[in-house]
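# coordinates only, sequence not included:
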């Protein structure tokens, strides 16, 4: 149902901010924006990987969020899903509900969006724009050689567990933005100014696409950390019917997290969420190959534990003690 | 950013209502819901068609809309884009923002959604669920043999113009629901009860997939009528650099529209919107082929005009007079 209103502003808006010349490095797109459908042509014999994420104001980002960062993040969280599958980006669609047609907002949003899209040769191929409470829905498409997908269900007992980058900074930045007392008391009211890295990790996550592609055909299972390391590793364990031991001393610790109490630090590391790092498993005989993948993709990778036959997720403390971890990932309808 | 909240309800919700056994007629899906990405395998050599549509409460449907109808319509408007391209459905993703996790609503929505999905062997392959103002974003995927896409830019001078089904009923139903005086005065306060077809056309549009596929490789240009016949035909004319003459006496008239004044009737027919019929063009020598396509797809098709070299859209009246039509399609940011 379309409420009757005259005008052609919608189409103008879209054209001005989102229609661009074809990307020279995007040969997989036969037809982009402007028809009923976009037409994509994956390389012959390749499998198509598809993922969709919806970002809602007040839930996935704060009201008044900087639109350049929002454009980056909306695409980044989707590209992160392609990375976790080992796929190469082909393109994306954007559906956008906006409370008003704000030129400044659209220009800034498009800038952040296209900077990341161009960096990964991932063109916008179609979309929809409407008026409504701010809502960003992106669907990404990627391609994979047959049999190379990094599935959640592929972890095997005795696999090593690896983590790209480090977790926890996005959660701490959010706590500081929301002025949660435990964060402000530990880090000080100026922490976000003193450690700009913290907020950058929240606002502009880096999708680990090069690493994911280098791991395709090498690693067994992979997932990206959006709900928290423990929760997302838990999805691998559940899908693979295995358990895991995490070596807490192997988890890389960002400088910004050091003022926290040990308990809060652990909570940020394991249950923080919004990290968009990859956690993945690989057979021990592939340690050198994983190291090469990390090197060629210029991505820090840490070996943080191993998969076990027995179910459950246990954390090994440096003193040799251990405790069972219950995943406490974010839940939109808990 | 994920606001910190514990629980696992989201995953349960999705599983209960949206995770289903693999569709036996959907061989194009290698991996469905439950991983970072879905994996699709189009037939070798085929092109992938992609479209996305976002439906917002109060804009595309009224607050309190019947969720079964909403499930049907959210998918139907997307399938209609595949139909307009001549593509065969492969699958779709659903991103859903809900103000609350209402079991009854979800069950009814899923029922309407899957009834249509099953009818077209178009499985749900992935999605996202979050809390927020009601918003439905579906992205559909289809496949096409190479070179068979029905593009907006392919209309040629002297092509016949065709319309599937008929336009105007959805617009009249909306006017009656909103109690717009011109509609209530002409049709009476009981019109929706007397002509249930009217509201069905608004709530449960029929995507013309079989017709679209039968036209692939036969018709030149095609588009689905979402903004109004004049506006959407106008998109074909603009993209193809041509004009058109519409024969008003050839436009099929629904019984429900007969009580309207001639001016209102014409407005419903030409500028109503929300019809999800196909308007398409084909060379005059293909009239028999188009008739066969209509017959094999069991879809009524009317020849309603012809493409002209000179630009603009003219309406030919039965008395031989003509007037120029300005497209007045719906605009979300006018």
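That came in fine, so what should we check first? Model, not experiment: these values are computed from the prediction.
# What ranges does chain A have for its helices?
Assigned by DSSP state H, the helices in chain A fall at A:9-18, A:67-85, A:103-119, A:169-177, A:181-187, A:191-194, A:196-203, A:209-215, A:229-240, A:262-271, A:287-296.
# Wondering if the fifth one reaches chain B at all.
Translated: helix A:181-187. No: interface with chain B: helix A:181-187 contributes nothing (CB under 8 Å from any CB of the partner chain), its closest point being 11.4 Å away. In short, each C-beta sits where N, CA and C put it, glycine included.
# can you give me how far that helix is from the chain middle?
Helix A:181-187 sits 26 Å away from the centroid of its parent chain (CA atoms, centre = their mean, to the nearest Å).
# Now that helix: buried residues?
A:183, A:186, A:187 (16 or more other CB atoms under 10 Å in any protein chain shown).
# Give me the pLDDT value at the last one.
In the prediction, the pLDDT value recorded for residue A:187 is 93.
# residues near the nearest residue to it once chain neighbours are set aside, how many?
Among residues not flanking residue A:187 along the chain, residue A:259 sits closest, at 5.0 Å (CB to CB, 6 or more residues apart in numbering or on different chains). Using other CB atoms under 10 Å in any protein chain shown as the criterion, residue A:259 is surrounded by 15 other residues.
# what about stretch A:177-191, start to end distance?
End-to-end distance of stretch A:177-191 (CA to CA, to the nearest Å): 10 Å.
# sorry, that was for stretch A:203-221
End-to-end for stretch A:203-221, by CA to CA: 27 Å.
# distance of the nearest residue to residue A:264 once chain neighbours are set aside from residue B:108?
Distance criterion CB to CB, 6+ apart; nearest residue to residue A:264, sequence neighbours excluded, is residue A:182 at 5.7 Å. From residue A:182 across to residue B:108, the span is 43 Å (CB to CB, to the nearest Å).
# and residue A:207, what pLDDT?
Taking residue A:207 on its own, its pLDDT is 97.
# Can you tell me the closest non-neighbouring residue to it?
residue A:79 (3.7 Å).
# which residues touch the one you found?
Applying CB atoms under 8 Å, 6 or more residues apart in numbering or on different chains to residue A:79 gives the contacts A:89, A:116, A:120, A:122, A:140, A:207, A:209.
# how many other residues sit next to the fifth one?
Right, residue A:140. Residue A:140 has 28 neighbours, counted by other CB under 10 Å.
# Likewise for the second one?
Taking other CB under 10 Å as the criterion, the count of residues near residue A:116 is 19.
# Just to check, residue A:69 is in contact with residue A:204?
Yes: checked against CB atoms under 8 Å, the pair residue A:69 and residue A:204 is within contact range at 5.8 Å.
# Check the gap between the nearest residue to residue A:147 once chain neighbours are set aside and chain B for me.
Counting by CB to CB, 6+ apart, residue A:217 is the residue found nearest to residue A:147 once chain neighbours are left out, at 7.7 Å. Going from residue A:217 to chain B by CB to the nearest CB, to the nearest Å gives 15 Å.
# Show me where chain A dips below the pLDDT cut-off.
For chain A, the stretches with pLDDT under 70 are A:1-15, A:20-27, A:327-334.
# how far away is the residue nearest to residue A:264 from residue A:259?
Distance from residue A:182 to residue A:259, by CB to CB: 11 Å.
# Flag every residue of the stretch 101-250 of chain A that's near chain B.
Residues of the stretch 101-250 of chain A found near chain B (CB under 8 Å from any CB) are A:101, A:125-133, A:135, A:137, A:139, A:141-142, A:144, A:149, A:151-153, A:170-171, A:174, A:202, A:222-224, A:226-227, A:239.
# Among those, which lie within strands?
If you go by DSSP state E, these have A:125-131, A:135, A:137, A:139, A:141-142, A:144, A:222-224 in strands.
# among those residues, which two are most distant?
Farthest pair in those (CB to CB) is A:131 and A:222. Separation: 38.4 Å.
# between these two, which one's more packed in?
Counted by other CB under 10 Å, residue A:131 and residue A:222 do not tie: residue A:222 has more neighbours, with 31 against 19.
# hey, what's the more buried one bridged with?
Beta-bridge pairing for residue A:222 (DSSP bridges): residue A:280.
# re earlier: would you confirm that the residue nearest to residue A:147 contacts residue A:148?
Yes: between residue A:217 and residue A:148 there is a contact at 4.6 Å, judged by CB under 8 Å.
# Pull up the overlap in contacts between these two.
residue A:86.
# quick one: the residue nearest to residue A:207 from chain B, how far?
Distance, residue A:79 to chain B, by CB to the nearest CB: 11 Å.
# Same check on residue A:69?
11 Å.
# Next, the contact list for the closest residue to that residue other than its chain neighbours, please.
Counting by CB to CB, 6+ apart, residue A:69 lies nearest to residue A:203, which is 4.0 Å off, once chain neighbours are set aside. Taking CB under 8 Å, 6+ apart, we find residue A:203 in contact with A:65, A:66, A:69, A:72, A:73, A:173.
# now for the residues you listed, which pair is the farthest apart?
A:72 and A:173 (15.0 Å).
# got the buried residues for stretch A:99-117?
Buried residues in stretch A:99-117, defined by neighbour count with 16+ other CB under 10 Å: A:101, A:105, A:106, A:108, A:109, A:110, A:112, A:113, A:114, A:116, A:117.
# no, scratch that, I was asking about stretch A:192-210
A:192, A:195, A:198-199, A:201-210.
# Can you tell me which of the residues you listed comes closest to chain B?
Nearest to chain B among these, counting by CB to the nearest CB, is residue A:202 at 6.3 Å.
# just checking, that closest one touches residue A:169?
Yes: if you go by CB under 8 Å, residue A:202 and residue A:169 touch, sitting 7.4 Å apart.
# Mind listing the shared neighbours of these two?
With CB under 8 Å, 6+ apart, residue A:202 and residue A:169 have no common neighbours.
# what's the closest of the helices of chain A to residue B:280?
helix A:9-18 (20.8 Å).
# Settle this for me: residue A:256 is touching residue A:193, isn't it.
No: counting by CB under 8 Å, residue A:256 stays clear of residue A:193, with 11.7 Å between them.
# gap between stretch A:299-318 and the chain center?
On the basis of CA atoms, centre = their mean, stretch A:299-318 sits 21 Å off its chain's mean C-alpha point.
# Quick check: buried residues in it?
Those would be A:299, A:301, A:302, A:303, A:304, A:305, A:306, A:307, A:308, A:313, A:315, A:316, for stretch A:299-318 by 16+ other CB under 10 Å.
# Looking at those, spot the one nearest chain B.
Using CB to the nearest CB, the buried residues of stretch A:299-318 come closest to chain B at residue A:313, 14.3 Å.
# Pretty sure that closest one sits against residue A:234.
Yes: between residue A:313 and residue A:234 there is a contact under CB under 8 Å: 6.1 Å.
# got a list of what residue A:144 touches?
Here residue A:144 is in contact with A:46, A:47, A:48, A:49, A:85, A:86, A:87, A:88, A:216, B:39 (criterion: CB under 8 Å, 6+ apart).
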